[in-house]
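Chemist: let's see this in three dimensions:
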Amino acid sequence: MATTTFPATYAVPQRSLAQLITLYAKEAKYEILKYARIPIFALSTILFPVMFYVLFGIVMAPSGPHRAETATYLLATMACYGVMGVAMFSFGVGIAMERGQGWLQVKRASPMPLPAYFLAKIANSLVFATVISLVLLAVGEAFGGVRLGFFTAAKLIAILVAGSIPFSAMGLALGYFAKPNSAPAMVNLVYLPMSFCSGLWIPIFMLPHVLQKVALILPPYHMSQLALNAIGVNPNPTPAWGHLEALIGVTLLFLGIATYGYWRDEGASYG
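Modeler: The predicted structure is shown next:
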């Protein structure tokens, strides 16, 4: 008896623009809720930068006319530190864990558009970056004598939130190459030394000369320079475009590394 065979085809869901927007919005919403309901993530990413800022920018700040200036300077650098942390841990640790649990394969097999998964993580980083920036600004205004006008404060927050994107790309690359159990240690091994050497904890001009040179190739240094320029407390202001170029270059570099990691995983899973 003759049989007829037909080539296998894949059904591609056809969605309207409104349906796509709703789908992307829901994925982002549940990603944010997921991290907001993890106390160790939500509290640590917000409280650690605030704790360090209170210690170095308020409690240990010199008394006298320079107290408010010190608090303003460290407001920008500690906010950069906090924004870095939430971006790198959300992507680096989050993706490594979900890869290990097989969650990425479940997402891959579902009809959800793949970009929705990554855009949801970016939305999560942007939301937490905004919260960290606002909390630090409120603490600085209330206890550190920081006085920023509305537009200056808005400019600072916009730089900090946009500045989380290069570190999201860095975390994404780490997440595709780290094992689930080693991901937190790997992120910390990159995040903490890079923060110190970039002058986020101690003003860059107070670091040893060698570290001042090293800072020039580190992305946190470039983000902090943009933030300090925005609020007018940078003792050695430099053109913004050079810092933007460095951050764009870092973003593209780590997105390329992450793309390689993604296709490596795809090859291992699906041949």
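Chemist: residues in contact with the helix or strand where residue 26 lies?
Modeler: Here residue 26, judged by DSSP states H and E, is contained in helix 17-36. Residues from elsewhere that reach helix 17-36, judged by Cβ atoms under 8 Å, 6 or more residues apart in numbering: 15, 41-42, 90, 94, 112-113, 116-117, 119-121, 123-124, 127-128. Heads up, the C-betas are built off the backbone N, CA and C, glycines and all.
Chemist: can you do 10 Å?
Modeler: Applying Cβ atoms under 10 Å, 6 or more residues apart in numbering, the contact partners of helix 17-36 are 13, 15-16, 41-42, 45, 86, 89-90, 94, 107, 111-113, 115-128, 131.
Chemist: swap in stretch 101-112?
Modeler: Residues contacting stretch 101-112 (Cβ under 10 Å, 6+ apart): 11-13, 15, 23-24, 26-27, 94-95, 97-99, 114, 116-117, 120, 175-176, 180, 262, 265-266, 269-270.
Chemist: rewinding a little: elements contacting the helix or strand that the helix holding residue 26 is followed by?
Modeler: Next helix or strand after helix 17-36 toward the C-terminus (DSSP H and E): helix 39-53. In terms of contacts (3 or more Cβ pairs under 10 Å, 6 or more residues apart in numbering; DSSP states H and E), helix 39-53 is packed against helix 17-36, helix 67-88, helix 114-143.
Chemist: tell me the buried residues in the helix or strand following the last one?
Modeler: As assigned by DSSP H and E, the chain's next helix or strand after helix 114-143 is helix 150-177. The neighbour-count criterion (16 or more other Cβ atoms under 10 Å) identifies 153, 155-157, 159-177 as the buried residues of helix 150-177.
Chemist: avg pLDDT for helix 150-177?
Modeler: What helix 150-177 shows for mean pLDDT is 93.
Chemist: between helix 67-88 and it, find me the angle.
Modeler: If you take axes from the mean of the first three to the mean of the last three Cα atoms, to 10 degrees, helix 150-177 sits at 30 degrees to helix 67-88.
Chemist: now do helix 150-177: distance to the chain's middle.
Modeler: Mean-position distance between helix 150-177 and its chain equals 5 Å (Cα atoms, centre = their mean, to the nearest Å).
Chemist: over to stretch 184-195?
Modeler: Per Cα atoms, centre = their mean, the centroid offset for stretch 184-195 relative to its chain is 13 Å.
Chemist: give me the mean pLDDT for it.
Modeler: For stretch 184-195, the per-residue pLDDT averages 91.
Chemist: tell me which of the helices and strands packed on helix 39-53 lies nearest to residue 224.
Modeler: Nearest to residue 224 among those is helix 67-88 (4.7 Å), distances taken as Cβ to Cβ.
Chemist: chain neighbours aside, what residue packs nearest to the spatially most central residue of the chain?
Modeler: Closest residue to the average C-alpha location of the chain: residue 87 at 2.3 Å, with Cα atoms, centre = their mean. Leaving aside its sequence neighbours, residue 87 sits nearest to residue 167 (Cβ to Cβ, 6 or more residues apart in numbering; 3.9 Å).
Chemist: go on, residue 91?
Modeler: residue 171 (3.0 Å).
Chemist: correct me, but the one you found touches residue 118?
Modeler: No. Between residue 171 and residue 118 there is no contact, the gap being 11.4 Å when judged by Cβ atoms under 10 Å.
Chemist: show me the shaky parts of this structure.
Modeler: 1-13, 267-271 (pLDDT under 70).
Chemist: report the buried residues of stretch 19-38.
Modeler: Quick answer for stretch 19-38 (16+ other Cβ under 10 Å): 23-24, 27-28, 31-32, 35.
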